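sharing a model prediction with you, sequence too.
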Amino acid sequence: MKRLVVAVVVLAFVGLTFSVQAADKPAKAADPTGTWKWTVNFGGQEREMTLNLKMEKGKLTGEMVRADQKTPIEEATCKDGTISFKVTRERNGQKFTSKYTAKVTGDTLKGKMEFEREGQTQSRDWEAKKSKS
């Protein structure tokens, strides 16, 4: 009986030690590095979008690709698993800026995109999946 009590105490101590050690380790931050893809509808046409992101030394960089047009992202941040950045494109001599935010969860980016149309701020949801290749 004495051995059983000692064994239970030892096992309880070992289990508690591992639990405390696991709690002391910070959760691994979500890494947005990779190629992300999603589809958007422009004027009734489906277009594939690609976002190439790289997180290095605490700095987020990347580019957005649509058809053959590559646009660098601006003011990119990644904090607590949430990314944000801007993309500025030019068409017919006018600049158009879109602001993106998204939560990184595994192989999914899910968030909001904001842009101005006719002086009004508009937003839409967006969701991208990490490309396997």
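Received it, and whenever you're ready, just let me know what you need.

now the helices: where do they sit in this protein?
For the chain, applying DSSP state H gives helices covering 2-24.

ok, and for stretch 57-64, which residues are buried?
Within stretch 57-64, the residues that qualify as buried by neighbour count (16 or more other CB atoms under 10 Å) are 60, 62, 64. All C-beta spots, glycine's among them, are computed from the backbone N, C-alpha and C.

closest one of those to T101?
Each of the buried residues of stretch 57-64 was scored against T101 by CB to CB, and L60 proved nearest at 12.3 Å.

who does the closest one bridge with?
With DSSP bridges as the criterion, L60 is bridged to M55.

list the contacts of it.
L60 makes contact with 32, 53-54, 73, 76-78, 83, 85 under the criterion CB atoms under 8 Å, 6 or more residues apart in numbering.

do L109 as well
32, 36, 51, 83, 102-103, 126-130.

what about this protein, any weak spots by pLDDT?
Applying pLDDT under 70 to the chain picks out residues 1-29, 133.

spatially nearest residue to the residue nearest in space to the middle of the chain, not counting backbone neighbours?
With distances taken as CA atoms, centre = their mean, V104 lies nearest the centre of the chain, 3.3 Å away. Closest residue in space to V104, ignoring its immediate chain neighbours: A30 at 3.7 Å, by CB to CB, 6 or more residues apart in numbering.

that neighbour - how many residues pack around it?
Using other CB atoms under 10 Å, A30 is surrounded by 16 other residues.

who's in contact with it?
Here A30 is in contact with 81, 104-105 (CB under 8 Å, 6+ apart).
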